[in-house]
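S.K.: I'd like to go over a predicted model; first the sequence, then the structure.
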Amino acid sequence: MSGLRERLGRLRGPAAAGVTPPPPPEAGGEWAQLGAHIATSPAGSFVMRRRQYGADSVHGNYRLRELADVAAQLSCFHERDAVVRLEELLFFDTETTGLGVGAGNVPFMVGIGYYTGELFTVEQLMIRNPAEEHAMLVYLQELLGRYTHIVSYNGRTFDWPILKNRFVLNRLKLDDSELLQLDLLYASRSLWRNTLPSCRLSKVEESRLGFERVDDVPGSMAPALYFQYLAEKDPAVLQGVFIHNEHDIVTLAALTVHFGNLLRPDENESDLFSNLDVEELFRTGLWLDKMARPAKAEQYFNVLYEKLLNNEASVQSAEQETALLQLAHYYKKIGQYNRALELWKQAILLKPASISLQLEPYLELAMYYEHREKDLSQAVFYAEEAWARLWRRRALHRGDQKINEIEEAWEKRLARLQQKMRKKEMSLRAQADSFSSSSDTRKITRRSKKAPKPTYVSEGLI
């Protein structure tokens, strides 16, 4: 029983085990080759690696100090009115022993970044064995009280829950009720989910931040390299993991600058517009509208509108048609039907990529003229055009259940519109007949009233 108690104590850390941790090695020892040292405190020891970036440091297309100019724009990431200050942003990323969020997944390395003036500091905390986890968490516990926002990439649903679990298992209190999570993965997916092959941080930084990693150790290899270090006790094994984690933290700062610039109301982006394809223009506009920047969103939508109507979008017809219909749907949603009509009509002129996309503008136009303009002749016209296109393609899709359902729906719509048209014509004809008969009656009555009474000779003599 005593042996089991000792083993459990070692897993909980030095304080719980009731033993004094072993004396740490010298600061200039084996970890110096990685630019790291051993950090000691009353709670224990762990490996610390600290790197500082000066005021002129550049990461891809951005200077890290630029975040000071746009940090206030990040307040719209949350519903509550929270002021964002540069010195209160903590950039956060972990390297873990696995992919799950359960108790068995241990963050053996925690990378953090923060601003002090124009300096950007990256600190990487690593445990050489499970007994050092308690000391590392105590250091983080004291640090977190200085910050209001945690900036991460998928940290809200992965890294942060894992870290909270470790605090619980080490019997440490972590009050994060006042901390706001600023997870940039969701913003990246909103903009680039259809334009990039992947929204992984390394892909985003390469294609949108202009930073390319050389000989990078993928994050998926970090667990295996850590277990190799535990077996060999050679710090050089983890050099690539340290560099990968450092790049992740600095990329978070540069990506935050990118989103801050997008949210900046007075930013002139005429050069940026020309470099964006139709899909990214539309997604950026939607994201800005969602982030309470309607005026900025309108700039993107206006550029996209002109490109699509003037056929300036150098994309395939299927992609262009999709962009036309997406933008038309947006204008329909906000009530700008004049622009939506132009886009629907422009989509009809393109060579369609599929029947479903091909018929959508006809459907929208038929619905618009039927319900909003009350112009049944125009509604029937577009319904008949759609039916004609379906009929011409019937031989290519004979027996297709989906196409049959589409045909049946259009046939019903066309029959209903034609019946509605006939009823309207009959009603107008009845009104016209009624008007003409009442008009003749009024003429006869008016004529009889005004006709002079005939005077006979005999009456005149009398």
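M.R.: Perfect, I can see it now.
S.K.: so where's this structure shaky on pLDDT?
M.R.: For the chain, the stretches flagged by pLDDT under 70 are 1-28, 80-81, 100-103, 267-272, 274, 312-317, 351-357, 394-400, 435-462.
S.K.: Show me the domain layout of it.
M.R.: With domains defined by automatic domain parsing, the chain comprises 2-263, 274-420.
S.K.: could I get these as CSV with distance to residue 432 and mean neighbour count?
M.R.: The way it works is simple: take the backbone N, C-alpha and C, and place the C-beta from them, glycine included. CSV is the format used below for the domains of the chain (distance: least, CB to CB, whole Å; neighbours: other CB atoms under 10 Å):
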stretch, distance to residue 432, mean neighbour count
domain 2-263, 55, 17
domain 274-420, 17, 17
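S.K.: And residue 171, its phi and psi?
M.R.: Backbone geometry at residue 171, expressed as degrees, to the nearest 10, gives phi 60, psi 40.
S.K.: I'd like the distance between it and residue 133.
M.R.: 12 Å (CB to CB, to the nearest Å).
S.K.: Show me the helices in the stretch 51-200 of the chain, by range?
M.R.: 67-70, 133-144, 160-169, 184-192 (DSSP state H, counting those that start in this stretch).
S.K.: can you tell which of those helices is closest to residue 59?
M.R.: Across the helices of the stretch 51-200 of the chain, the minimum distance to residue 59, taken as CB to CB, is reached by helix 67-70, at 10.8 Å.
S.K.: hmm, who's touching the closest one?
M.R.: With CB atoms under 8 Å, 6 or more residues apart in numbering as the contact definition, helix 67-70 has outside contacts at 86, 89, 115, 118, 253, 256, 257, 260, 261, 263, 264.
S.K.: The fifth one contacts residue 120, doesn't it?
M.R.: Okay, so that is residue 253. Yes. The pair residue 253 and residue 120 qualifies as a contact (CB atoms under 8 Å) at a distance of 6.1 Å.
S.K.: so what sits against both of the two?
M.R.: In terms of CB under 8 Å, 6+ apart, residue 253 and residue 120 are both contacted by the residues 64, 113.
S.K.: For residue 410, which non-adjacent residue is spatially closest?
M.R.: Counting by CB to CB, 6 or more residues apart in numbering, the nearest residue to residue 410 once its immediate chain neighbours are dropped is residue 387, at 5.3 Å.
S.K.: Where does that neighbour fall, secondary structure wise?
M.R.: When secondary structure is defined using DSSP states H and E, the element that contains residue 387 is helix 376-392.
S.K.: then that helix to PDB, C-alphas only?
M.R.: Written as PDB, here are the backbone C-alpha positions of helix 376-392 (Å, rounded to 0.1, in the frame of the first residue of the first chain):
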ATOM      1  CA  LEU A 376     -47.900  37.500 -63.600                       C
ATOM      2  CA  SER A 377     -46.800  37.700 -67.200                       C
ATOM      3  CA  GLN A 378     -43.200  38.100 -66.200                       C
ATOM      4  CA  ALA A 379     -43.500  35.400 -63.600                       C
ATOM      5  CA  VAL A 380     -45.000  33.000 -66.300                       C
ATOM      6  CA  PHE A 381     -42.200  34.000 -68.700                       C
ATOM      7  CA  TYR A 382     -39.400  32.900 -66.400                       C
ATOM      8  CA  ALA A 383     -41.300  29.800 -65.300                       C
ATOM      9  CA  GLU A 384     -41.700  28.800 -69.000                       C
ATOM     10  CA  GLU A 385     -38.000  29.500 -69.700                       C
ATOM     11  CA  ALA A 386     -37.000  27.200 -66.800                       C
ATOM     12  CA  TRP A 387     -39.400  24.500 -68.000                       C
ATOM     13  CA  ALA A 388     -38.000  24.800 -71.500                       C
ATOM     14  CA  ARG A 389     -34.400  24.300 -70.200                       C
ATOM     15  CA  LEU A 390     -35.500  21.300 -68.200                       C
ATOM     16  CA  TRP A 391     -37.200  19.800 -71.200                       C
ATOM     17  CA  ARG A 392     -34.200  20.200 -73.400                       C
END
